[in-house]
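Chemist: generate coordinates for the sequence data below:
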Amino acid sequence: MTTADQLDARDGLRDAARSLLGRESSSERVRALLDDPVGFDPKLWEQMADLGWLGLMVPETDGGEGAGFGEVAVVLQELGRQLTPSPFLASAVLATSALILGGDEAQRREWLPALAAGDRIATVGLTGRSGRYTADFVEVTATQTDDGWTLDGVTAFVPDAGVADLLVVRARSRQGELAVLVDPEGPNVRVEPTPTVDHTRRLATVHFDGVCVPGTAELGAIGAASIVRALLDRATIALALDAAGGAARILEFTVEYVKQREQFGRPVGSFQAVKHKCADMLVWSQGATAAAEHAADIVDSDPAAVEEVAALAGSYALDAFARVAGDAMQAHGGIGFTWEHDCHLFFKRAKLDQQLYGDPATHRDRLARMRIAGAIGTDSS
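Modeler: Model (predicted):
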């Protein structure tokens, strides 16, 4: 259970994050990065590192803050509010989680302090070109050699691979599923940018053509399949938190707009249809926040329940953000559809969130299967 001290600390973190990102990740700055070759602001990244955000989950013995996923959740929501282009999801959440969960002492010592300090960036490749994340659709194959593995194939939709110093790659072999560390600039590795509707995020397809990795590059403290499942759940929760932050922000400026915009001599917000639309947006937004924050707390308090709450958060929050963003565009009228207005930026982020690590329908299917299996198990006992 979250204590009062933890809640106070998170409130302080939220205030600090909102203040910094409000200044350094304004709409103007976000737009300036949409076509930037790097894709994020290195100065802001350095500030995030100085504030300890990049090492929130990293144990103090490995150079981090020793906090939990609940604190990471605060930063994810605030980044979502501002649509901040950043490798935070890829590096500070997913790759860091992979090393904490499956890294041996040498791997942790080499990478975690550098990731926490922002000196290096890492990312993960979990899916093939279909975007499906089940083991059947993994397109990277690993062939065992005398001193390690040879990788061939493709991993797709990899966030921030173009700026990464390390890839955590999911692969399959005759011996089973693997998670290995790969140098993205190594021989026979090719990173190909993937165009997406959301220009605030950079995705890539990474090709492997006989890439040799030593046995020491394999992650496996809890088994590769368990690591991958945990990463997919954390990725889903992270996107739900991003969605909750984005939905809350677009709701705020939509309400302000309909209070000021007049038609027929009255603010449009006084019309019943607009009131109802804004009320629905509020319900969707608050529901997304509740589902995402609950899932984030479960990551630390009840690891056995994470898969279920991740599916719940993904099934609701990702749809909620898209619904709120779409309604916001309608509430703004014609201006909401233009390039000059921020509505379309939020809508595009929402649509990518809906697809990146499983769409809401997939999460609902997972949730239903878990509930059915649980009911059958209860009845049979």
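Chemist: for the residue lying closest to Ala92 once chain neighbours are set aside, give me its contacts.
Modeler: What sits nearest to Ala92 in space, not counting adjacent residues and going by Cβ to Cβ, 6 or more residues apart in numbering, is Leu54, at 4.5 Å. In this view, the C-beta of every residue, glycine as well, is placed from N, C-alpha and C. Under the criterion of Cβ atoms under 8 Å, 6 or more residues apart in numbering, the neighbours of Leu54 are 48, 88, 91-92, 115-118.
Chemist: packing partners for the helix or strand harbouring Ala328?
Modeler: Secondary-structure element containing Ala328, defined by DSSP states H and E: helix 306-332. Contact analysis of helix 306-332 by 3 or more Cβ pairs under 8 Å, 6 or more residues apart in numbering; DSSP states H and E lists helix 224-260, helix 272-301, helix 343-353, helix 360-380 as its packing neighbours.
Chemist: kindly provide the whole-number mean pLDDT of stretch 131-149.
Modeler: Per-residue confidence for stretch 131-149 averages out to 88 on the pLDDT scale.
Chemist: what distance do you get for the spatially closest residue to Gly55 that is not a sequence neighbour to Asp50?
Modeler: Once flanking residues are discounted, Gly55 sits nearest to Ala116: 2.7 Å by Cβ to Cβ, 6+ apart. In this structure, Ala116 lies at 11 Å from Asp50, with Cβ to Cβ, to the nearest Å as the measure.
Chemist: and the next element down the chain from the helix or strand bottoming out on mean pLDDT in the chain?
Modeler: The helix or strand with the lowest mean pLDDT-type score in the chain, counting by mean pLDDT, DSSP states H and E, is strand 262-263 (a mean of 74). Next in sequence after strand 262-263, counting helices and strands by DSSP H and E, comes strand 266-267.
Chemist: and that next one, which strands flank it?
Modeler: Pairing partners of strand 266-267, with direction, according to DSSP bridges: strand 262-263 (antiparallel).
Chemist: pull the number of nearby residues for Thr127.
Modeler: Counted with other Cβ atoms under 10 Å, the burial measure for Thr127 works out to 23 neighbours.
Chemist: picking up where we left off before, which one of the contacts of Leu54 is nearest to Thr216?
Modeler: Using Cβ to Cβ, Leu115 comes nearest to Thr216 of these, at 18.3 Å.
Chemist: wait, what's in contact with the closest one?
Modeler: With contacts defined as Cβ under 8 Å, 6+ apart, Leu115 is in contact with 54-55, 58, 91-92, 95-96, 99, 121-122.
Chemist: how near is the residue lying closest to Gly102 once chain neighbours are set aside to Leu231?
Modeler: Distance criterion Cβ to Cβ, 6+ apart; nearest residue to Gly102, sequence neighbours excluded, is Leu219 at 3.5 Å. Look at Leu219 and Leu231: by Cβ to Cβ, they are 10 Å apart.
Chemist: what do those two both touch?
Modeler: The overlap between the contact sets of Leu219 and Leu231 (Cβ under 8 Å, 6+ apart) consists of 98, 101.
Chemist: count of neighbours near the closest residue to Val197 other than its chain neighbours?
Modeler: Ranked by Cβ to Cβ, 6+ apart and with sequence neighbours excluded, the top spatial neighbour of Val197 is Lys348, at 4.8 Å. Number of residues near Lys348 (other Cβ under 10 Å) recorded here: 18.
Chemist: one more: Thr254?
Modeler: By other Cβ under 10 Å, the burial measure for Thr254, its neighbour count, is 26.
Chemist: read off the pLDDT value for it.
Modeler: 91.
Chemist: which ones are touching it?
Modeler: When contacts are taken as Cβ under 8 Å, 6+ apart, Thr254 is in contact with 278, 281, 327-328, 331-332.
Chemist: do the same with Ala247
Modeler: Shown in contact with Ala247 (Cβ under 8 Å, 6+ apart): 281, 284-285, 288-289, 317, 320-321, 324-325, 350.
Chemist: of the residues you listed, select the buried ones using a ChimeraX command.
Modeler: Selection of buried members from those for ChimeraX, criterion 16 or more other Cβ atoms under 10 Å:
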select :281,284,285,288,289,317,320,321,324,325,350
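Chemist: between the contacts of Ala247, which is nearest Asp8?
Modeler: Distances from these to Asp8 were compared by Cβ to Cβ; the smallest belongs to Thr289, at 18.7 Å.
Chemist: my guess is the closest one meets Ala244, correct?
Modeler: Yes. Under the criterion of Cβ atoms under 8 Å, Thr289 makes contact with Ala244 at 4.3 Å.
Chemist: any shared contact partners between these two?
Modeler: In contact with both Thr289 and Ala244: 77, 317, using Cβ under 8 Å, 6+ apart.
Chemist: let me see the domain layout of the chain.
Modeler: For the chain, automatic domain parsing gives the domain ranges 4-121, 124-219, 224-380.
Chemist: give me phi/psi at the nearest residue to Gly66 once chain neighbours are set aside?
Modeler: The spatially closest residue to Gly66, leaving aside those adjacent along the chain, is Glu60, at 4.1 Å (Cβ to Cβ, 6+ apart). Comment: the main-chain dihedrals of Glu60 come out as phi -60, psi -30, following degrees, to the nearest 10.
Chemist: any idea how far Glu60 is from Ala122?
Modeler: Glu60 is 20 Å from Ala122, where distance means Cβ to Cβ.
Chemist: so those two - more neighbours on which side?
Modeler: Set Glu60 next to Ala122 and count neighbours by other Cβ under 10 Å: Ala122 wins out with 26 against 11.
Chemist: near the nearest residue to that one once chain neighbours are set aside, how many other residues are there?
Modeler: Excluding the flanking residues, the one nearest Ala122 by Cβ to Cβ, 6+ apart is Ala95, at 3.4 Å. For Ala95, the count of nearby residues is 29 (other Cβ under 10 Å).
Chemist: could you number the chain from 70 rather than 1 from now on?
Modeler: Sure, I'll start counting at 70 from here, so that last one is Ala164.
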